[in-house]
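Enquirer: sequence and predicted structure are below.
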Amino acid sequence: MKKLKKFNRIALVIIALGSFLLFAFTLPQEQKTPEEWDIPEEYQTMENPYKDDNSLDRIGKMLYAKHCKSCHGNKGQCDGPKAKQLETWCGDFTAEEFQNQADGVIYYKSIIGRDEMPNYESKIPDAEDRWAIVNYIRTLDD
Amino acid sequence: MKKFILFILITLMSTGAILAQEEKKEDKPVRAPFESGILIDSRTVFNPVKKTLEFNIQHRFAQIEDFNNLYGIYGASNIRLALNYSVMDKLMIGFGTTKDQKLQDFQLKYVILEQTRENTIPVGLAFYGNMAIDGRNEDVFGLNYEFTNRFSYFAQLIISRKISYALSLQLAPSFSHVNAVLPGYEHDKIGISFNGRLRVSPQSSIIFNYDQPLEIEAIYENKEPALKPKANVALGWEISTSTHAFQIFISSARALVPQYNMMYNTNDFFDGGIFFGFNITRLWSF
């Protein structure tokens, strides 16, 4: 009888550990795949006035580290320290599919945002700074 | 001391002409010279944009002694909590409450000038002022108590210069006044602060602050004041994110409302009068 009790306890511990591990691995995968963005036409055709402006490289990197890195991660692969708390997966900036988007589209998604992606218009008021971030995101393609 | 101040002034002004000659189309204000409205024990020329609420937590542990008080962490601390609101891009008003002396302070900051990238305006300039009310029991104030005995004031002109991408410096002359003082003590004090930050990575900076109360005999009320306050020396580290700034530092000031620092600081940084402290700033935009 004693042996059975001991066995039960071990079984319980194994089940508890097992389910913990199971949840630990399944939770992140429960993040929603992002829905299609509804990008206004003016942004789809918007020109990037600072394209190839290398003087903004350092500014873009600094602003990305300050505003974006905590969720999007160092290389934009949605692996920052806050990424797992998001309900929706926040994208992979290194992916070809992402990089194929127009600059204006990346600008809209980054600055205007929607749902969990906050609006940065008041936090980054200067247009030059906003484009510096878009330019920096462009360098994350490898 | 005069030579030191002159040296700082000349450095601040002269670097302006040499550096900051970036070629840009229009002359816009320089990018955030500071990350937060607070820099250790001082205020900065930085003001969050209109309709931003700023929450400050300033925490100062007890004096660093030994392992027994875990270098000040187990001792009695001083804490200030404050809410500031940017009414306009250039104007902030706020209220703070402090543990020591139960100080309740009302403050105002106005950005007079913003340094520009093309150097049309070579320095940033801001006015900071506050009024604090000592909230302790009436009997602390002794005989002839009047409510105004609780009041103290601080007015400061902050001159800043963002010298390069990494380095921003400030020089800030100030005037402090306390309504009621003990016999032999002074009511007024002119002081000067020198502080800055050196960015060492996209998110981190080394920060420092130096507050020097000036002994000007011409404004002495007493032949020999009962207290000649000590300078406050502070050195720390700042990390900033989109909505937060964290500063962790050592400082020789315990007071968190600047006039109390300028009037009453008795801690000598170079003689063991050091405190651990941290500031947290959180911003909300509306």
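Expert: Sure, I can see it.
Enquirer: could you pull out the helices for the chain?
Expert: Let's take chain A. With DSSP state H as the criterion, chain A has helices at A:2-26, A:41-44, A:57-67, A:69-72, A:96-99, A:103-107, A:127-138.
Enquirer: my question was about chain B, not that one.
Expert: All helices of chain B, identified by DSSP H, fall at B:2-18, B:258-264.
Enquirer: any idea how far A:Tyr136 is from the residue of the stretch 101-250 of chain B found nearest chain A?
Expert: Relative to chain A, the nearest point of the stretch 101-250 of chain B is B:Pro202 (3.6 Å; C-beta to the nearest C-beta). No exception for glycine: its C-beta is placed from N, CA and C like everyone else's. Distance, B:Pro202 to A:Tyr136, using C-beta to C-beta, to the nearest Å: 10 Å.
Enquirer: before we move on, the earlier item: surely the residue of the stretch 101-250 of chain B closest to chain A and A:Gly60 touch.
Expert: No: B:Pro202 lies out of contact with A:Gly60 (C-beta atoms under 8 Å); the separation is 9.9 Å.
Enquirer: who's more crowded, those two?
Expert: Taking neighbours as other C-beta atoms under 10 Å in any protein chain shown, B:Pro202 and A:Gly60 compare with A:Gly60 leading, 23 against 16.
Enquirer: name the nearest residue to the more buried one, ignoring sequence neighbours.
Expert: Nearest residue to A:Gly60 in three dimensions, chain neighbours excluded: A:Tyr136, at 3.1 Å (C-beta to C-beta, 6 or more residues apart in numbering or on different chains).
Enquirer: ok, that neighbour - how many residues close by?
Expert: Counted with other C-beta under 10 Å, A:Tyr136 comes out at 22.
Enquirer: distance of it relative to A:Ile59?
Expert: In terms of C-beta to C-beta, A:Tyr136 sits 8 Å off from A:Ile59.
Enquirer: can you count the residues close to B:Tyr260?
Expert: Per other C-beta under 10 Å, the neighbour tally for B:Tyr260 reads 23.
Enquirer: who are the contact partners of it?
Expert: B:Asp100, B:Gln101, B:Leu103, B:Ala132, B:Ser152 (C-beta atoms under 8 Å, 6 or more residues apart in numbering or on different chains).
Enquirer: and the closest residue to the fourth one other than its chain neighbours, how many neighbours?
Expert: The spatial neighbour of B:Ala132 that comes closest, neighbours along the chain excluded (C-beta to C-beta, 6+ apart), is B:Asp105 at 4.0 Å. Counted with other C-beta under 10 Å, the neighbours of B:Asp105 add up to 22.
Enquirer: what bridges to B:Asp105?
Expert: Bridge pairing for B:Asp105 (DSSP bridges) gives the partners B:Gly96, B:Ala132.
Enquirer: check contacts around it.
Expert: B:Ala82, B:Phe95, B:Gly96, B:Thr97, B:Thr98, B:Asn130, B:Met131, B:Ala132, B:Ile133, B:Val257.
Enquirer: what about 10 Å?
Expert: B:80, B:82, B:94-98, B:130-133, B:152-154, B:256-259 (C-beta atoms under 10 Å, 6 or more residues apart in numbering or on different chains).
Enquirer: who in chain B is up against chain A?
Expert: Within chain B, the residues that sit near chain A (C-beta under 10 Å from any C-beta of the partner chain) are B:22-26, B:28-29, B:31-32, B:35, B:48-52, B:89, B:117, B:165, B:199, B:201-204, B:240-244, B:283, B:285-286.
Enquirer: and B:Asp188, bridged to which residues?
Expert: Beta bridges link B:Asp188 to B:His177 when assigned by DSSP bridges.
Enquirer: residues in contact with it?
Expert: Counted by C-beta under 10 Å, 6+ apart, B:Asp188 has contacts B:Tyr153, B:Phe175, B:Ser176, B:His177, B:Val178, B:Val181, B:Ile216, B:Ile219, B:Tyr220, B:Glu221, B:Met262, B:Met263.
Enquirer: against B:Ser86, how distant is whatever residue of chain A ends up closest to chain B?
Expert: Closest residue of chain A to chain B, C-beta to the nearest C-beta: A:Ala65 (3.6 Å). The gap separating A:Ala65 from B:Ser86 is 24 Å, by C-beta to C-beta.
Enquirer: who's more crowded, these two?
Expert: More crowded of A:Ala65 and B:Ser86, by other C-beta under 10 Å: B:Ser86, with 24 against 19.
Enquirer: residues contacting that one?
Expert: B:37, B:47-54, B:92-94, B:109, B:111, B:283, B:285-286.
Enquirer: who in chain A is up against chain B?
Expert: A:49, A:55, A:58-70, A:118-126, A:128-129, A:132.
Enquirer: one more time with 7 Å, if that's ok
Expert: A:Arg58, A:Ile59, A:Lys61, A:Met62, A:Ala65, A:Lys66, A:His67, A:Ser70, A:Ser122, A:Lys123, A:Pro125, A:Asp126 (C-beta under 7 Å from any C-beta of the partner chain).
Enquirer: let me know the closest of these to A:Glu96.
Expert: For those, the minimum distance to A:Glu96 (C-beta to C-beta) is 22.2 Å, reached by A:Lys61.
Enquirer: and the closest one, how far is that from A:Ser110?
Expert: Counting by C-beta to C-beta, the gap from A:Lys61 to A:Ser110 is 15 Å.
Enquirer: of the two, which one has the most company?
Expert: Neighbour comparison, A:Lys61 and A:Ser110: the larger count goes to A:Ser110, with 20 against 17 (by other C-beta under 10 Å).
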